[in-house]
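Trainee: below are the sequence and a predicted model for it; my questions follow.
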Amino acid sequence: MADKKPFVTLETIQKIPHKTPYHIYDERGIRLCARDVNRAFSWNAGFKEYFAVKATPNPRILQILKEEGCGADCSSLTELMLARAAGFYGHEIMFSSNATPAEEFVYANKIGALINFDDYSHIEFFKKHVGQFPDTISVRYNPGGAFSVHSQIMDTPADAKFGLTKEQVISAFAELRAEGVKNFGLHSFLASNTLTNDYYPRIAEILFELAVELREKTGAEVGFINLSGGVGIPYKPEDTPNDILKIGEGVRKAYEKILLPANMGGIAIFTEMGRFMLGPYGHLISTVLHKKNIYKTYVGLDASAVNLMRPAIYGAYHHISVLGKENEPATETYDVTGALCENNDKFAKSRQLPPIEAGDIVAIHDTGAHGHAMGYNYNGKLRSAEILLKENGETEVIRRAETAEDYFATLDFKIDTSL
Ligand SMILES: Cc1ncc(COP(=O)(O)O)c(C=O)c1O
């Protein structure tokens with residue numbers, strides 16, 4: 001079984017003058033990953049990874065990714081604003097939303113973002129609320145049925161609320177052409193956290209074939225194909241990691257098999273990964289406050305599900321390292337919990353770990369994507385800080401922790417601060 005080592009040591013954490021809990025991100029890991037992704041798709045002249053802002057909506061992280069050549073994929077007005085604040089412009093921003101409010105289309109259009117329609121009715125809605133269509137429009141495809149790779153069912157798009165049916169995509173392209181749209185994009189997201197090098201190549205085949213069919217049936221030229229997110233990471237020590245170079249190679253083979261013979265070799269490949277780009281390069285750092293023995297032994301942390309929701313809502317596995325005890329044998333069995341008044345507030349159930357005492361510091365792994373971002377305020381808990389571990393070893397607070405004043409900011413009353 002592969003070992004999962006944290007990217008920080010106890011000594012690193014002890015030098016950081018910030019109270020736990022907080023999320024910490026590894027700049028070096030983020031940059032190296034982005035470079036691997038760009039190398040994997042370097043065969044495609046127009047390739048761009050549009051980082052899924054929802055995964056880690058922090059402008060400092062976005063700036064690092066921009067420096068590595070990435071764009072930004074946004075799903076809401078505030079994410080669009082964030083992308084702008086981080087220095088992304090025009091077609092460096094992709095807007096993939098659903099159930100979209102009119103003002104979000106208006107803003108996305110104003111800043112020149114690439115707009116991805118999630119529904120056929122968005123054409124009429126856009127015309128009514130925005131007016132003139134931009135030169136380029138993308139459409140999200142949902143093939144329905146079950147989606148499988150090598151006969152293994154990975155998800156059921158037929159149950160997903162996203163995208164248009166094939167017939168709707170064909171009609172949408174024809175209608176948008178008639179409205180003056182000149183360039184088209186195709187997009188699809190069919191499975192999440194996939195641990196196979198064949199997910200992207202399979203979705204690429206589906207979209208490449210559709211692009212050929214669309215040109216035949218509507219005359220529309222597809223300029224880019226967005227394979228979206230869904231490339232997974234090895235959360236568990238026994239998981240086999242994806243190999244992004246093999247993934248890029250698999251997409252290239254599908255491109256050469258389907259698009260080149262159709263004389264469509266100018267199509268750019270886009271991706272909008274979140275988890276793969278950031279997941280492994282974040283830890284939630286937390287201090288053990290209590291140890292409790294009843295029918296099981298519970299280790300109570302100063303972090304809770306408000307800081308990392310995935311274990312509570314998906315039963316997701318996140319590896320835990322007790323800092324300074326990485327090499328000690330895992331002789332004890334613990335439930336590792338937060339303080340919420342919810343019994344699902346458990347980072348780990350019946351986990352084998354080294355003996356833990358109050359005051360120990362733990363690193364919860366793979367929290368760099370969909371971690372802090374999914375935070376909330378239940379039980380009056382405040383969202384934590386985010387800290388960047390820079391390449392030179394220094395640390396930078398890239399988001400301060402919330403205060404009680406932040407929590408009360410949307411209410412109209414005075415807090416008694418005299419106590
Ligand atoms: C439209 C869209 N793009 C990209 C992503 C990023 O997915 P992942 O982080 O799994 O790569 C998501 C995730 O929800 C999404 O909804």
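Mentor: Great, that's in hand. Numbering: from 1, shown residues only.
Trainee: give the full set of residues in contact with residue 306.
Mentor: 338, 340, 375, 376, 377, 378, 379, 381, 383 (C-beta atoms under 8 Å, 6 or more residues apart in numbering). Yep, even glycine has a C-beta here, placed from its N, CA and C like the rest.
Trainee: got a pLDDT number for it?
Mentor: Here the pLDDT value assigned to residue 306 is 98.
Trainee: ok, now how distant is it from residue 255?
Mentor: From residue 306 across to residue 255, the span is 43 Å (C-beta to C-beta, to the nearest Å).
Trainee: how about residue 161?
Mentor: 29 Å.
Trainee: about what we covered before: can you add distance to the ligand, pLDDT and neighbour count and give the contacts of residue 306 back as TSV?
Mentor: Conversion of the contacts of residue 306 to TSV gives the following (distance: C-beta to the nearest ligand atom, whole Å; pLDDT from 0 to 100; neighbours: other C-beta atoms under 10 Å):
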residue	distance to the ligand	pLDDT	neighbour count
338	23	98	25
340	24	97	16
375	16	97	18
376	17	96	11
377	22	97	12
378	22	97	14
379	26	97	14
381	24	97	19
383	20	97	19
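Trainee: can I get those in JSON lines including secondary structure?
Mentor: Below are the contacts of residue 306 laid out as JSON lines (DSSP: H, G, I helix; E, B strand; the rest coil):
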{"residue": "338", "secondary structure": "coil"}
{"residue": "340", "secondary structure": "coil"}
{"residue": "375", "secondary structure": "coil"}
{"residue": "376", "secondary structure": "coil"}
{"residue": "377", "secondary structure": "coil"}
{"residue": "378", "secondary structure": "helix"}
{"residue": "379", "secondary structure": "helix"}
{"residue": "381", "secondary structure": "coil"}
{"residue": "383", "secondary structure": "coil"}
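Trainee: who's in contact with the residue of the stretch 251-400 of the chain found nearest the ligand?
Mentor: Relative to the ligand, the nearest point of the stretch 251-400 of the chain is residue 274 (2.8 Å; C-beta to the nearest ligand atom). The contact partners of residue 274, by C-beta under 8 Å, 6+ apart, come to 51, 52, 53, 54, 55, 56, 229, 369, 370.
Trainee: now the third one: closest residue in space, sequence neighbours ignored.
Mentor: This points to residue 53. residue 79 (4.5 Å; C-beta to C-beta, 6 or more residues apart in numbering).
Trainee: quick one: residue 348 is in a strand?
Mentor: Yes. Under three-state DSSP, residue 348 falls within a strand.
Trainee: per-residue pLDDT of it, please?
Mentor: Value listed for residue 348 in the pLDDT field: 98.
Trainee: partner residues bridging it?
Mentor: On the basis of DSSP bridges, residue 348 is bridged to residue 336.
Trainee: for stretch 353-366, buried residues please.
Mentor: Neighbour-count burial for stretch 353-366 flags 353, 354, 356, 360, 361, 362, 363, 364, 365, 366 (criterion: 16 or more other C-beta atoms under 10 Å).
Trainee: number of nearby residues for the residue nearest to residue 309 when sequence neighbours are not counted?
Mentor: Ranked by C-beta to C-beta, 6+ apart and with sequence neighbours excluded, the top spatial neighbour of residue 309 is residue 374, at 4.4 Å. By other C-beta atoms under 10 Å, 18 other residues sit near residue 374.
Trainee: ok, which stretches of the stretch 51-200 of the chain are strands?
Mentor: Remark: strands assigned in the stretch 51-200 of the chain by DSSP state E, counting those that start in this stretch are 71-74, 93-96, 114-117, 136-140, 147-149, 152-155, 183-187.
Trainee: would you turn those into CSV with distance to the ligand, mean neighbour count and mean pLDDT?
Mentor: As requested, those are arranged in CSV below (distance: least, C-beta to the nearest ligand atom, whole Å; neighbours: other C-beta atoms under 10 Å; pLDDT from 0 to 100):
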stretch, distance to the ligand, mean neighbour count, mean pLDDT
strand 71-74, 6, 28, 98
strand 93-96, 4, 27, 98
strand 114-117, 8, 26, 98
strand 136-140, 8, 23, 98
strand 147-149, 15, 18, 91
strand 152-155, 12, 14, 88
strand 183-187, 8, 23, 98
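Trainee: the contacts of residue 274, buried ones only, as a PyMOL selection?
Mentor: Selecting only the buried entries of the contacts of residue 274 in PyMOL, with 16+ other C-beta under 10 Å as the criterion:
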select buried, resi 51+52+53+54+55+56+229+369+370
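Trainee: so which of the contacts of residue 274 also contact the ligand?
Mentor: For the ligand, the contacts drawn from the contacts of residue 274 by C-beta under 6 Å from any ligand atom are 52, 55, 229, 369.
Trainee: quick one: the third one and residue 343, what's the gap?
Mentor: Okay, so that is residue 229. Counting by C-beta to C-beta, the gap from residue 229 to residue 343 is 31 Å.
Trainee: one step back: just the pLDDT for the residue nearest to residue 309.
Mentor: Model confidence at residue 374 (pLDDT) stands at 97.
Trainee: same question for residue 1.
Mentor: Looking at residue 1, its pLDDT stands at 53.
Trainee: how about the one 4 residues further on?
Mentor: At residue 5 the predicted local confidence, pLDDT, stands at 95.
Trainee: how many residues are close by it?
Mentor: 13.
Trainee: next: residue 330.
Mentor: Using other C-beta under 10 Å, residue 330 has 13 neighbouring residues.
Trainee: three-state assignment of the nearest residue to it once chain neighbours are set aside?
Mentor: For residue 330, ignoring the flanking residues on the chain, the nearest one in space by C-beta to C-beta, 6+ apart is residue 352 at 4.0 Å. Of the three states, residue 352 takes strand according to three-state DSSP.
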